[in-house]
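Novice: attaching a predicted model along with its sequence, questions to come.
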Amino acid sequence: MLTGPEYLTAHARWLGDHPVTGSAGAVLTMPSKESMYVYPIDGAEVVRALTVLAHIAAAHLDDPWAINPHIYWWRAGRLDLAATTHREGHTLVSQLTPAFHHNTTTFDDTGPATE
């Protein structure tokens, strides 16, 4: 978790300057303007991390200064949507984007596939 002054989330563009990225980048959520939760992508375990990040983001939905509950994929200085998250009643629903889903299918237990 990274926390800081207002709009710390603007630093998502510079995650590569922090020791929080893995061999295939990182997934992150920015649930409020003062916090960012980041998980390095080094293999298939990122799928479990997405579930945790979705729950963390959803817990902040009603906070003051909430931003959004979505999960983003940072890689090589680029930030893309990895999954959308929303509530349906008391159920939390996360949907991977096609691009991120494709990326996760290339992982084995040792990490991302190399070309």
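Specialist: Right, received. Where do you want to start? Residues are numbered from 1 along each chain as shown.

Novice: all contacts plus neighbour counts: C-alpha atoms, from now on.
Specialist: Fine.

Novice: how about the residue positioned nearest the centre of the chain, what does it touch?
Specialist: The residue lying closest to the centre of the chain (Cα atoms, centre = their mean) is Leu28, at 2.4 Å. Contact criterion Cα atoms under 8 Å, 6 or more residues apart in numbering gives Met36, Tyr37, Val38, Tyr39, Leu53, Ile71, Tyr72, Trp73, Trp74 as the residues in contact with Leu28.

Novice: how much space separates the nearest residue to the third one once chain neighbours are set aside from Gly89?
Specialist: Taking Cα to Cα, 6 or more residues apart in numbering, and ignoring the residues beside it in sequence, Val38 has Leu28 as its nearest neighbour in space, at 4.3 Å. Per Cα to Cα, to the nearest Å, Leu28 is found 24 Å from Gly89.

Novice: for Thr106, same thing?
Specialist: Thr106 sits at a distance of 33 Å from Gly89 (criterion: Cα to Cα).

Novice: that's all I had, so thanks and see you.
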